[in-house]
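Enquirer: here's my sequence, what's the structure:
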Amino acid sequence: MTAGMTRRDFIKTMGAAGGAALMGGAARAAAEAAENVAADGILKGVCDIHIHCAPDTKPRCTSELGLSRRAKAAGCRALMFKSNDWSCHDRAYLIREAVPGFEVFGSICMNRVHGGRVNVYAAEQAVKTDGGLCRCIWMPTLAAEYPLRGAGGDFRGIPVLDGSGAVLPEVVRVMEICAEANIIFATGHCSPDESLTLAAKAKEVGVHKFVVTHVNSLMWKMTRGQIERAVELGAYVEYCYLPRLWGPGTGNPEFERQSAEEFLSYARTVPERSFISTDLGQRGNPDPLDGMRMCIEELTAAGVPQRDIDLMVRVNPARLIGLE
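Expert: Residues are numbered from 1 along each chain as shown. Okay, here's the model as predicted:
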């Protein structure tokens, strides 16, 4: 302790120095971990375009900013975030400022927070937001009619079809908005039959990036024939890795884990018009980067051709979010 320095000043100074040293050590450790993650190149060029991160209305295992930093260090090319309640494209604008040189995008879901019907105004404003980073408009997910049918309660789902099975005018207008902006129109939690009806209308409207969502998951599973029909109508189909990771002891203990054989049977179906996303970010489940790594390793070990893997985790998702 130098002359003129009080004991309190001394302790404060040493505490600050110690804290800086600790922070420096933590930063070095994080940098070393990032180098190790990137070393094998498994995630190089990967685009994961269906991820749930904080901030959100449900517990998440990581933040959008934190994951973006780690994804860049791991060699990923791009991420697109999804929240069932809030838009993510405005946050993507800020994340890009914090993580320069990395492609981050957002999306918006037509759920209850935007009203009781598919909200055309919300869609219009999303594509007008600075940066043009809203690259997907999802039809209702947690508020979709399909999963809520027969569930009871006083909340009615948000429809996409009318009583005669025709696509509602507001849904058609959102399709037109997506076509005009050349962004993804995704089916959300619509049923397989509803999704095929939407696909036919999207083809008529001129949507270039129509996606049928998580066709290997739960009640949204499509048959091979349905997948092929969707592709005939111009759709891309999404396979999610999440079902391979949920089950007892995870963040989704209520669901039965999908077998490797079943997941691989989906992944081998029309890879030229499909892509794989993790759909991860839930607290209690693997980190999205770890999940994507596990997915690629599983595909490789099963003998899926590298060309098909590249199509599903690199080429097709990049094309869909406008990184041709």
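Enquirer: so where does the spatially most central residue of the chain fall, helix or strand?
Expert: Computing the C-alpha centroid of the chain and ranking residues by C-alpha atoms, centre = their mean puts His50 first, at 1.1 Å. Using DSSP states H and E, His50 sits in strand 47-51.
Enquirer: looking at it, the residue nearest to the centre of the chain is touching Tyr239, isn't it?
Expert: No - when contacts are counted by C-beta atoms under 8 Å, His50 is not listed as touching Tyr239 (10.3 Å). In this view, the C-beta of every residue, glycine as well, is placed from N, C-alpha and C.
Enquirer: which residues do these two both contact?
Expert: Both His50 and Tyr239 are contacted by 214, 277, under the criterion C-beta atoms under 8 Å, 6 or more residues apart in numbering.
Enquirer: can you pull the poorly scored residue ranges out of this protein?
Expert: Within the chain, the stretches with pLDDT under 70 are 1-39, 150-155.
Enquirer: what do you get if the cut-off is 80, keeping everything else the same?
Expert: By pLDDT under 80, the weakly predicted segments of the chain are 1-40, 150-155, 324.
Enquirer: for it, longest strand please?
Expert: What stands out as the longest strand in the chain, according to DSSP state E, is strand 103-109.
Enquirer: so which bits of that strand are buried?
Expert: Neighbour-count burial for strand 103-109, counted by 16 or more other C-beta atoms under 10 Å, picks out 103-109.
Enquirer: chain center to the helix or strand just after that strand: distance?
Expert: Using DSSP H and E, the helix or strand that follows strand 103-109 in sequence is helix 120-128. Mean-position distance between helix 120-128 and its chain equals 20 Å (C-alpha atoms, centre = their mean, to the nearest Å).
Enquirer: tilt between the helix or strand just after helix 120-128 and helix 120-128?
Expert: Next in sequence after helix 120-128, counting helices and strands by DSSP H and E, comes strand 134-138. Computed with axes from the mean of the first three to the mean of the last three C-alpha atoms, to 10 degrees, the direction of strand 134-138 lies at 160 degrees from that of helix 120-128.
Enquirer: how about the helix or strand that strand 134-138 is followed by: buried residues?
Expert: Downstream of strand 134-138, the first helix or strand assigned by DSSP H and E is helix 145-148. Judged by neighbour count (16+ other C-beta under 10 Å), helix 145-148 contains these buried residues: 145-148.
Enquirer: identify all contacting residues around helix 145-148.
Expert: The contact list for helix 145-148, computed with C-beta under 8 Å, 6+ apart, reads 155-160, 189-191, 194, 219.
Enquirer: helix or strand right after it?
Expert: helix 169-181.
Enquirer: ok, which stretches of the chain are strands?
Expert: For the chain, strands defined by DSSP E occupy the ranges 47-51, 78-81, 103-109, 134-138, 184-186, 210-212, 236-240, 274-277.
Enquirer: please name the residues that touch the closest residue to Arg229 other than its chain neighbours.
Expert: Of all residues not flanking Arg229 in the chain, Leu196 sits nearest, at 6.1 Å (C-beta to C-beta, 6 or more residues apart in numbering). Listed by C-beta under 8 Å, 6+ apart, the contact partners of Leu196 are 226, 229-230, 233.
Enquirer: and Leu196, how far from Asp48?
Expert: Using C-beta to C-beta, to the nearest Å, we find Leu196 at a distance of 26 Å from Asp48.
Enquirer: over to Gly206?
Expert: Taking C-beta to C-beta, one finds Gly206 at 28 Å from Asp48.
Enquirer: other residues contacting stretch 223-234?
Expert: Contacts of stretch 223-234 (C-beta under 8 Å, 6+ apart): 192, 195-196, 199-200, 202-203, 207-208, 210, 212, 215, 222, 237, 269-270, 273.
Enquirer: and the residues you listed, which of them are in helices?
Expert: If you go by DSSP state H, these have 192, 195-196, 199-200, 202-203 in helices.
Enquirer: list just the nearest of the residues you listed to Ala54.
Expert: Set against Ala54, the nearest of these by C-beta to C-beta is Ser195 (29.2 Å).
Enquirer: any idea how many residues pack against the closest one?
Expert: 31 (other C-beta atoms under 10 Å).
Enquirer: correct me if wrong: it contacts Val212.
Expert: Yes - if you go by C-beta under 8 Å, Ser195 and Val212 touch, sitting 4.8 Å apart.
Enquirer: now do the shared contacts for these two.
Expert: 187, 222, 230.
Enquirer: any idea how far the first one is from Val212?
Expert: Distance of Thr187 to Val212, given as C-beta to C-beta: 5 Å.
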